[in-house]
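1. Everything below, folded, please.
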Amino acid sequence: MKSYIEDSFPVKEVSQESAREKNIRHGHISTLHIWWARRPLASSRTTIYSALIPAKEDIVEKDKTRNFIINLAKWENSLNKALIDKARRDILEAKGGKPLRVLDPFSGGGSIPLECLRLGLETYANDYNPVAVLILKCALEYPMKYGKPGVVEIKFEEFGQEVKGEKK
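-> Numbering: from 1, shown residues only. Predicted structure coming up:
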């Protein structure tokens with residue numbers, strides 16, 4: 001069975017979102033440390049998702065999935081709970097309800113493992129470079145281990161207006 005990425009991945013749109021992401025300087029993993037080969041989060045998130053769901057035969061379903069992937073690529077949707085939850089459900093459903101394990105042995109700045117975690121995958125990451133290992137710990141491990149549970153203020157766009165909200 002073909003995966004969606006093999007069939008009709010929206011390369012142009014995801015590439016545009018990835019290029020736009022390079023200019024974001026608030027709340028982005030790139031503000032932690034400059035990494036020379038950082039993968040854009042938009043392309044990491046959408047390629048992981050697209051590689052794990054099956055290709056759609058029905059043209060209407062194919063278009064719905066394409067639009068969903070384009071929305072998934074947008075930086076402002078990185079913390080959109082409904083969107084991320086749907087992506088997680090889709091992956092679980094495609095894989096028979098069993099959470100997948102991902103190993104990225106040369107993960108560098110951590111874009112791929114970060115997006116794997118966001119999509120609900122059991123993720124393991126490492127690198128030969130000790131600086132990369134420290135970045136991975138700061139971006140992936142320490143926030144989950146030492147972060148404070150509670151309310152986090154987020155900004156998102158709704159109907160063309162910037163809105164502040166809370167995430168618990």
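
2. which residues does Asp104 bridge with?
-> Beta-bridge pairing of Asp104 under DSSP bridges involves Ala125.

3. Now do the same contact list for it.
-> By Cβ atoms under 8 Å, 6 or more residues apart in numbering, Asp104 lies in contact with 112-113, 116, 123-126. Every C-beta, even on glycine, is put in place using the N, C-alpha and C of the backbone.

4. ok, now with 6 Å
-> Counting by Cβ atoms under 6 Å, 6 or more residues apart in numbering, Asp104 touches 112-113, 125.

5. Could I have the buried ones of those residues as ChimeraX selection syntax?
-> In ChimeraX, the members of those classed as buried (16 or more other Cβ atoms under 10 Å) are selected with the following command:
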select :112,113,125
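
6. Gly97: which of the contacts of Asp104 is nearest?
-> Closest to Gly97 out of the contacts of Asp104 is Pro113 (22.6 Å), distances taken as Cβ to Cβ.

7. That closest one and Ile53, how far apart?
-> Using Cβ to Cβ, to the nearest Å, we find Pro113 at a distance of 20 Å from Ile53.

8. swap in Lys98?
-> Between Lys98 and Ile53 the computed distance is 14 Å (Cβ to Cβ).

9. Pick out whichever of the two has more residues nearby.
-> Ile53 (19 against 7; other Cβ atoms under 10 Å).

10. residues in contact with that one?
-> Counted by Cβ under 6 Å, 6+ apart, Ile53 has contacts 4, 90, 94.

11. Kindly recompute the last result at 7 Å.
-> By Cβ atoms under 7 Å, 6 or more residues apart in numbering, Ile53 lies in contact with 3-4, 90-91, 94.

12. Rebuild the residues you listed as a markdown table, extending it with pLDDT.
-> Putting the contacts of Ile53 into a markdown table (pLDDT from 0 to 100) gives the following:
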| residue | pLDDT |
| --- | --- |
| Ser3 | 95 |
| Tyr4 | 96 |
| Asp90 | 97 |
| Ile91 | 97 |
| Ala94 | 95 |
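
13. Show me which of these are buried.
-> Those of those that meet the buried threshold are 4, 90-91, 94, by 16+ other Cβ under 10 Å.
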